[in-house]
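Asker: Provide a 3D model corresponding to the input given below.
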Amino acid sequence: MGTIGNDGLIYNSSLADIENSGFIYNYSLGTIDNDGTIYNWGTIDNKGTIDNDGFFYNYNTLDNLSTIDNSGTIYNSDTIDNRNIIDNEGTIDNKDTIDNEGTIDNSGTIDNSGTINNSGFIYNWGTIDNQGSFDNESLIYNYDTLDNSSTIDNYDAIYNRSSGTIYNRSSGTIYNRSSGTINNWTSGTIDNLGTFNNWGILYNRVLATIDNEGTIDNDGTIDNSGTINNSGTIDNEGNINNSLFIFNWDTIDNFGTINNYNTIDNNGTIDNEGLIYNSSSNVINNWGSIYNDSPGTFDNDGDLFNISLSTLDNKGFIDNSNSGLISNEGTIDNSGTINNDGTIGNEGIIENSGDIQAYGPINNSGTINNRSGGFIGNWVDTIDNTGTLNNEGLIFLSSGGTIKNSSGDIDNTGTIENLGIIDNSAFFDNSGTINNSMVGGGNSFGTINNSGIINNSGTINNDVGWSTFGIINNTGTIDNSGTINNSLGTFNNQGTYKGTGTFIGTFDTGTGTVAPGSSAGTMFIDGDYILDGIGILEIEIGGFAVGTFDLLDITGTGYLSGGTIDFSFLSGYDIASEISHGQSMSLMFLKADLGINNFASGINFDFLGSPPGFRYDVFQQGNGLFFEATNTVIPAPGAILLGGIGICLVGWLRRRRAL
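Answerer: Numbering: from 1, shown residues only. The predicted structure follows:
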């Protein structure tokens, strides 16, 4: 219980013991050289040098204001207060408290199951194994191994230098406080199997690596210019800035901001309710699932690749800028808003029940399903479809918008509002509504260019109102069993118009063909009908009873100054079984409520597939045109055989006009 003051040398040899229950003052010129064992139950106040090559058991207070060189073992069960230098090449086993206000230079092992409070400097060239509490309020430089299975609480700076490794075990927690910085330098590794809570700044430098199999909970900033491999959970409510690689194999939950300036490769799940920003010329590869939940925002200036079998589920907002590319081979399920100023390339499936606002091109060779309640607005560019476009909702084409269906299928059961261009050279099935119109005025008009097949069982309104008009250019086939409203529009027919539907407006056969019915049936024209030039009216006959032959029913005037009327018999129909020898039967194939003008001035007639022994006549009676067949070689009174085409036929028809 006494006092020892040393200004010289105290040497404790091997197998010898020093036991202190009092006070040892080792002054500035003093040295304690221990090769044996020191037991301290009192106080050792060091202002000189303690050189320990043996065993040092501290059960009370070791106060160091100078230098402790340890190449042996220091066991601490109470307090080591370091205010200068501890140079450890051996082992420090701390079960209580080490307060460091100076420098600890460790190239050996520090085993901590107590508390280390650092307000000085710790340089680690060896191993620090923390199973207790490690509080840092100053600087830690790690060049080798910092192994944590308990708690590290950082309020200042931890530098994980070249080849250094920070292991945070499954039972471990690292707290990087709002004032704290953790720098993972070149070739450094942070391996997290536990919990990493970041409220400050975590820098992952070039060629450095963060491997996460546990949980990273970020409310601060993660600045990555190295590699982050995530097979655990990253929960972000702060900022993640990525300048190199983030590889995700499990879960990233983002409620803050993720800024990508290079590559994010997702093989797991990214759940976003904050902001993800992908900068120009940079890449997000999705092999797994990205959920952009309301009120989340995804700003893309770079490339987003949604790979085969992967999912991009958007309930928030995706903004694809004019330099951005969204390339989809998997599934995009949108119930939020996609604003496209760049390019969307789809080889997979896009399911839309929200809004897609397109100011840039959408190239579809996969499937786009615009569900009921969904909206696709195409404002200044092209939807190029070589795949399948199914619309149950609303597609709006502005005056600068185009749908180009070059080799795909479009199936519309919803509504298409067209003020731009629909260019169809493939298959277009409409059982909904197409408004080829201008709503609310202006001088824009919609155009439909068809060189493919349009099957219409719904309604096509080609009526823009005001001073503008719509245009339908048909060089293919339009099969209409619904309604086409062309009362103020223009219908240019160079192809085939057929079906049992209604056409509102003046219909000019043009240089094309009009084929009423669907293997016999009635076509309605609510307006005038024109047949002239090289136009063709095709009439199919499967009998003389109503409903077995084609009828063109016109509410206006029939202007029939030229062209050709082709008559043919339906496959399987035998006219001889219905008309006996010497009998005649007739049917009305054209009716015009307001009369027929110019009939027979230059019309040609063809009777295709006619059986022998029959004579066929065409005559006008009142507002109707009739086809008559006679099973005899003797002409009916006042009629002339139409076996040829020319002057005799025309003269006969003129004679029958008054009937």
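Asker: surely residue 46 and residue 62 touch.
Answerer: Yes - the pair residue 46 and residue 62 passes the contact test of C-beta atoms under 8 Å, sitting 7.3 Å apart. (Glycine included, C-beta is placed from N, CA and C.)
Asker: quick check: neighbours shared by the two?
Answerer: residue 68 (C-beta atoms under 8 Å, 6 or more residues apart in numbering).
Asker: pLDDT weak spots in this protein?
Answerer: Residues of the chain meeting the criterion pLDDT under 70: 437-444, 463-469, 601, 633-659.
Asker: all the helices of it, residue numbers only.
Answerer: Taking DSSP state H to define them, one finds helices in the chain at 647-656.
Asker: centroid-nearest residue for it?
Answerer: Taking C-alpha atoms, centre = their mean, the centroid of the chain lies closest to residue 332, which sits 4.5 Å from it.
Asker: any idea what residue 25 is bridged to?
Answerer: On the basis of DSSP bridges, residue 25 is bridged to residue 5, residue 45.
Asker: isn't residue 300 right up against residue 324?
Answerer: Yes - with contact defined as C-beta under 8 Å, residue 300 reaches residue 324; the gap is 4.2 Å.
Asker: the more surrounded of those two?
Answerer: For residue 300 versus residue 324, neighbours defined as other C-beta atoms under 10 Å are more numerous around residue 300 (27 against 23).
Asker: and that one, bridged to which residues?
Answerer: In beta-bridge terms (that is, DSSP bridges), residue 300 pairs with residue 278, residue 320.
Asker: contacts only, for it.
Answerer: Residues counted as contacts of residue 300 (C-beta under 8 Å, 6+ apart) are 278, 284, 318-321, 324-326, 342.
Asker: would you check that residue 593 makes contact with residue 558?
Answerer: No - taking C-beta under 8 Å as the definition, residue 593 is not a contact partner of residue 558, at 9.4 Å.
Asker: out of the two, which sits in the more crowded spot?
Answerer: Set residue 593 next to residue 558 and count neighbours by other C-beta under 10 Å: residue 558 wins out with 25 against 11.
Asker: distance of residue 275 relative to residue 337?
Answerer: 14 Å (C-beta to C-beta, to the nearest Å).
Asker: got it, and residue 278?
Answerer: Computed as C-beta to C-beta, the residue 278 to residue 337 distance reads 17 Å.
Asker: same thing with residue 222?
Answerer: To residue 337, residue 222 is 28 Å away according to C-beta to C-beta.
Asker: which one of those two has more residues nearby?
Answerer: Neighbour totals were compared for residue 222 and residue 337, and residue 222 leads with 26 against 18 (other C-beta under 10 Å).
Asker: contacts only, for residue 295.
Answerer: Residue 295 makes contact with 273, 316-317, according to C-beta under 8 Å, 6+ apart.
Asker: one more pass at 10 Å, please.
Answerer: 273-275, 315-317, 336 (C-beta atoms under 10 Å, 6 or more residues apart in numbering).
Asker: now those in CSV, with neighbour count and distance to residue 494?
Answerer: Compiled in CSV, the contacts of residue 295 are given as follows (neighbours: other C-beta atoms under 10 Å; distance: C-beta to C-beta, whole Å):
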residue, neighbour count, distance to residue 494
273, 18, 54
274, 22, 55
275, 19, 53
315, 19, 47
316, 24, 47
317, 19, 45
336, 23, 43
